[in-house]
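A.B. asks: no FASTA, just this:
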């Protein structure tokens with residue numbers, strides 16, 4: 001809206017809109033790239049992910065197995081929506097592959 005009203009003012013389609021644009025002014029500085037976060041991202045290494053996360057799920061229960069499967073699929077790069085929408089039809093037991101759309 002602010003850009004449109006500024007264009008109207010420059011094109012002569014509207015009078016000076018300075019007072020009307022004041023509430024629409026940006027209240028925060030523009031940030032790009034790595035300066036957007038004050039704290040850098042913290043990532044787990046492959047060993048940390050599989051030892052800490054997967055190790056916590058291996059308690060011998062069905063809930064632990066379910067959580068381990070979800071974590072392994074997530075760590076392999078699948079999105080949450082893809083994991084949630086998996087069916088048994090997408091699993092090939094012979095080649096041990098998962099296909100999904």
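C.D. replies: That came through, no problem. Remember, predicted model here, so these are calculated numbers, not experimental data. Numbers count the residues shown, from 1 in each chain.
A.B. asks: So what does the residue nearest to the spatial centre of the chain have for phi and psi?
C.D. replies: The centroid of the chain falls nearest to residue 79 when counting by CA atoms, centre = their mean (9.4 Å). With angles defined as degrees, to the nearest 10, residue 79 sits at phi -80, psi 160.
A.B. asks: Same question for the longest helix anywhere in the chain: list its buried residues.
C.D. replies: Taking DSSP state H as the criterion, the chain has its longest helix at helix 62-75. For helix 62-75, the neighbour count (16 or more other CB atoms under 10 Å) marks 67-68, 70-73 as buried. C-beta coordinates here come from the backbone N, C-alpha and C atoms, glycine included.
A.B. asks: Look at residue 6 and give its secondary structure.
C.D. replies: With DSSP: H, G, I helix; E, B strand; the rest coil as the basis, residue 6 sits in helix.
A.B. asks: Can you get me a residue count around it?
C.D. replies: Neighbour count of residue 6, defined by other CB atoms under 10 Å: 15.
A.B. asks: now that we're looking at residue 70, which residues does it contact?
C.D. replies: Applying CB atoms under 8 Å, 6 or more residues apart in numbering, one finds that residue 70 lies in contact with residue 83.
A.B. asks: what's the pLDDT at it?
C.D. replies: Each residue has a pLDDT score; the one for residue 70 is 89.
A.B. asks: What of residue 36?
C.D. replies: Model confidence at residue 36, given as pLDDT, is 57.
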